[in-house]
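> return a 3D structure for these sequence lines:
(chains A and B)
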Amino acid sequence: AQKITQTQPGMFVQEKEAVTLDCTYDTSDPSYGLFWYKQPSSGEMIFLIYQGSYDQQNATEGRYSLNFQKARKSANLVISASQLGDSAMYFCAMRDFDYNQGGKLIFGQGTELSVKP
Amino acid sequence: EADIYQTPRYLVIGTGKKITLECSQTMGHDKMYWYQQDPGMELHLIHYSYGVNSTEKGDLSSESTVSRIRTEHFPLTLESARPSHTSQYLCASSDQGLLETQYFGPGTRLLVL
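The predicted structure follows:
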């Protein structure tokens, strides 16, 4: 069965420093996608970055990069140069080729990131 | 920036009332989804749709129902609200393709008294 695990319920980082949020996943499907979303206190889910299982290079989007280690089944999010506005809940999610349920996203438990000034 | 909208953003309502949560997207996406999220917890899929006239239940049992008469519109209805329905409801959409990114609306926070 597919599963996403985020083992850090809460993280603190100093402003302008880098931070890594951990995510491990489990799936038997060789084709899958990994996503990170940011959820501020206002509640909306903001898409940050995507990594496909066959992508050779780690995904990057501005200050966000995804450290994809396929053999270890990990997809950690790295945020460089943290800003106060980065304080939010971060969710790792996975989607695979199991077409049951329309390609639903399976979410981890989330990590609450607090950026200190 | 995704163009997906939800109304209302917040709703406080009494037990037994019928409510409809609205979700609209202007991206022409065929697939739409409803997720339920309790505070501080992960999201769980409750309904999804492949396109017009298609609706399916997700893996989390829900007493709500959905309809998809138009591509852009995917409302969720609770015939008789109960305190156990108190939660946040998030609507999402994606293009065709099995690994397409899902874009979310701002969510509706529902409180049933």
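> where does the chain dip in pLDDT?
Defaulting to chain A. A:97-102 (pLDDT under 70).
> not what I meant, chain B
Applying pLDDT under 70 to chain B picks out residues B:1-2, B:98-99.
> residue boundaries of the strands in it?
For chain B, strands defined by DSSP state E occupy the ranges B:4-7, B:10-13, B:19-25, B:31-37, B:43-49, B:56-57, B:65-66, B:76-78, B:87-94, B:103-104, B:108-112.
> and those strands as CSV, adding mean neighbour count?
Backbone N, C-alpha and C define where each C-beta goes, glycine included. Formatted as CSV, the strands of chain B follow (neighbours: other C-beta atoms under 10 Å in any protein chain shown):
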stretch, mean neighbour count
strand B:4-7, 18
strand B:10-13, 14
strand B:19-25, 19
strand B:31-37, 24
strand B:43-49, 23
strand B:56-57, 15
strand B:65-66, 18
strand B:76-78, 18
strand B:87-94, 24
strand B:103-104, 22
strand B:108-112, 19
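> looking at the ones you listed, which is nearest to residue A:86?
Nearest of the strands of chain B to residue A:86, taken as C-beta to C-beta: strand B:103-104 at 18.3 Å.
> same for that closest one, what does it pack against?
For strand B:103-104, the packing partners by 3 or more C-beta pairs under 8 Å, 6 or more residues apart in numbering or on different chains; DSSP states H and E come out as strand A:46-52, strand B:87-94.
> what pairs with it, parallel or antiparallel?
Strand B:103-104 has the following sheet partners, assigned by DSSP bridges: strand B:87-94 (antiparallel).
> so what touches the strand it pairs with?
A:43, A:45, A:103, A:105, B:2, B:4, B:6, B:21, B:23, B:25, B:27, B:29, B:31-39, B:43, B:74, B:76, B:100-105, B:107-110 (C-beta atoms under 8 Å, 6 or more residues apart in numbering or on different chains).
> spatially central residue in chain B, please.
residue B:34 (3.2 Å; C-alpha atoms, centre = their mean).
> residue contacts, that one?
Residue B:34 sits next to B:23, B:45-48, B:58, B:64, B:66, B:74, B:76, B:89-92 when contact means C-beta under 8 Å, 6+ apart.
> surely residue A:115 meets residue A:88?
No: contact between residue A:115 and residue A:88 fails when scored by C-beta atoms under 8 Å: they sit 9.2 Å apart.
> how much space separates the residue nearest to the centre of chain B from residue B:47?
Distance check for residue B:34 against residue B:47: by C-beta to C-beta, to the nearest Å, it reads 4 Å.
> so for those two, which residues contact both of them?
Residues touching both residue B:34 and residue B:47 (C-beta under 8 Å, 6+ apart) are B:58, B:64, B:66, B:76.
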